[in-house]
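> Structure here, sequence nowhere to be found:
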Ligand code: SF4
């Protein structure tokens with residue numbers, strides 16, 4: 001498969017994973033530019049266009065430099081949509097350096113990669129995802145928008161194994177979205193649906209990236 005000479009990178013930084021099941025774990029983030037969707041609620045619109053072309057080796061160098069002061073084993077590839085670009089060589093190089101890799105994806109694109117942890121986040125209106133993720137996702141994260149309803153959750157719950165949580169993430173930690181999430185969790189419980197849970201973006205509470 002064609003491997004690009006450079007990848008467009010929006011930012012590389014150390015932080016704490018603020019969402020989902022890996023919440024709280026020190027993580028090195030590589031935010032890739034561009035996305036194939038244009039969600040109106042996107043909180044990383046700044047990554048749609050802006051970024052710097054970097055070679056895989058220069059990305060590695062930057063990661064290794066940060067890693068000396070922040071020696072965590074986890075790297076999270078996020079975006080934008082990290083799979084919009086061919087990140088095969090970057091993943092190979094990170095694995096060769098013994099990093100564990102998380103990919104946060106909208107799941108509309110699948111690439112055969114050596115990834116340890118897929119966080120998938122299907123998006124409205126159709127919540128489409130590539131079927132490979134049914135076996136590969138470790139968690140399904142759903143932003144709680146106004147149109148999210150029980151029918152959508154029921155479909156996802158049927159599609160994914162019960163051990164994989166459906167994590168409802170209130171939009172921008174807002175009160176109204178939190179209320180909607182709670183209502184959906186009650187409805188899911190009353191229908192006997194298991195493993196439908198709440199998550200929040202704790203990095204935003206602390207003003208972290
Ligand atoms: S898929 Fe994610 S990064 Fe892309 S526009 Fe939607 S929220 Fe933003």
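The structure has been received and is ready for your questions. What you see is a predicted model; the values in this text were computed from it and never measured.
> hey, let's count contacts and neighbours off CA atoms from now on
OK.
> what's downstream of the longest strand along the chain, the next helix or strand?
Ranked by residue count and defined by DSSP state E, the top strand of the chain is strand 6-16. Downstream of strand 6-16, the next assigned helix or strand under DSSP states H and E is strand 26-32.
> Show me what from the chain comes close to the ligand.
Listed as neighbours of the ligand in the chain under the rule Cα under 6 Å from any ligand atom: 35, 37, 38, 39, 42, 44, 79, 80, 81, 106.
> which one of those residues is nearest residue 67?
Using Cα to Cα, residue 79 comes nearest to residue 67 of the residues of the chain next to the ligand, at 20.2 Å.
> residues in contact with that closest one?
By Cα atoms under 8 Å, 6 or more residues apart in numbering, the residues touching residue 79 are 10, 30, 31, 32, 33, 34, 35, 44, 47, 104, 105.
> sorry, back to before: how about residues contacting the longest strand of the chain?
23-34, 47, 50-56, 62-63, 66, 70, 79, 85, 87, 203, 208-209.
> still on that earlier bit, want to try CSV for the residues of the chain next to the ligand, with secondary structure as columns?
What follows is those, written out as CSV (DSSP: H, G, I helix; E, B strand; the rest coil):
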residue, secondary structure
35, coil
37, coil
38, coil
39, coil
42, coil
44, coil
79, coil
80, coil
81, coil
106, coil
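> Among those residues, the buried ones, what's the PyMOL command?
Only the buried entries of the residues of the chain next to the ligand go into this PyMOL selection, using 16 or more other Cα atoms under 10 Å:
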select buried, resi 35+79+80+81+106
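> Just the buried ones among the contacts of residue 79, please.
If you count burial by 16+ other Cα under 10 Å, the buried members of those come out as 10, 30, 31, 32, 33, 34, 35, 47, 104, 105.
> For the last one, name its beta-bridge partners.
Spelled out, that is residue 105. residue 120 (DSSP bridges).
> how far away is it from residue 111?
11 Å (Cα to Cα, to the nearest Å).
> just checking, what packs against the lengthiest helix in the chain?
Identified as the longest helix of the chain according to DSSP state H is helix 175-190. On a contact count with 3 or more Cα pairs under 8 Å, 6 or more residues apart in numbering; DSSP states H and E, helix 175-190 meets strand 137-144, helix 150-159, strand 166-170, strand 196-198.
> Can you say which of these is nearest to residue 182?
Closest to residue 182 of the helices and strands packed on helix 175-190 is strand 196-198 (Cα to Cα; 8.0 Å).
> Please give me every residue in contact with residue 91.
Applying Cα under 8 Å, 6+ apart to residue 91 gives the contacts 101, 113, 114, 115.
> again, 7 Å this time
Residue 91 makes contact with residue 114 under the criterion Cα atoms under 7 Å, 6 or more residues apart in numbering.
> quick revisit: considering the contacts of residue 79, which member attains the minimum pLDDT?
Checking pLDDT across those, the minimum falls on residue 44 at 94.
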